[in-house]
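**Q** Give the three-dimensional model of this entry:
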Amino acid sequence: MSLALATVALRFDPKIVNVRTVSAGTLLAGVKEGTEPGASLTQSIDPAGVCLVSISNLNGVASIKAEGVLLFIEVEALAPGDAGIIFEKGAMHFVGTDARDVVVEVSPVRAIVKQ
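**A** I've put the predicted structure just below:
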């Protein structure tokens, strides 16, 4: 299904890891933070441990469809411990170009930082 909108929420332990950047994956090839026609990607990284990402394809120029990597998330280890990286399923929303909700399957992620 072609996507029009997507929001992704990621929680992490800011004492253990820092989310440095979020960038477009292969599914959004050519998208550079909304500077090119097509989908735009915006991010907000809160120092308290929340990363919010919004992808918008409202103009329909470059439809987001098929299979591929949606996002690349770069993290930096700060200290040993459980990074607590969790995708918040309740805060993630995907909407198709026909305005239907798209079901999201999220697999648990467990990241342990070792010294």
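**Q** Need the three-state assignment for Glu74.
**A** strand (DSSP: H, G, I helix; E, B strand; the rest coil).
**Q** How about Thr42?
**A** With three-state DSSP as the criterion, Thr42 reads strand.
**Q** number of nearby residues for it?
**A** Counted with other CB atoms under 10 Å, residues neighbouring Thr42 total 12. For every residue, glycine as well, the C-beta is placed using N, CA and C.
**Q** Wait, Leu71 touches Thr26, no?
**A** No: here Leu71 does not reach Thr26: they are 10.1 Å apart, not a contact under CB atoms under 8 Å.
**Q** Comparing the two, which residue is more hemmed in?
**A** Set Leu71 next to Thr26 and count neighbours by other CB under 10 Å: Leu71 wins out with 17 against 11.
**Q** who are the neighbours in contact with the more buried one?
**A** Shown in contact with Leu71 (CB atoms under 8 Å, 6 or more residues apart in numbering): Val8, Val22, Ser23, Ala24, Gly25, Leu28, Leu41, Val53.
**Q** again, only using 7 Å
**A** Val8, Val22, Ala24, Gly25, Val53 (CB atoms under 7 Å, 6 or more residues apart in numbering).
**Q** In ChimeraX, how would I select just the buried ones from these?
**A** Only the buried entries of the contacts of Leu71 go into this ChimeraX selection, using 16 or more other CB atoms under 10 Å:
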select :8,22,24,53
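**Q** before we move on, what SS does Val103 have?
**A** coil.
**Q** Counting neighbours, what do you get for it?
**A** By the measure other CB under 10 Å, the count of residues near Val103 is 7.
**Q** Roughly how far does it sit from Ser40?
**A** Using CB to CB, to the nearest Å, Val103 is found at 23 Å from Ser40.
**Q** same thing with Asp13?
**A** On the measure of CB to CB, Asp13 and Ser40 end up 29 Å apart.
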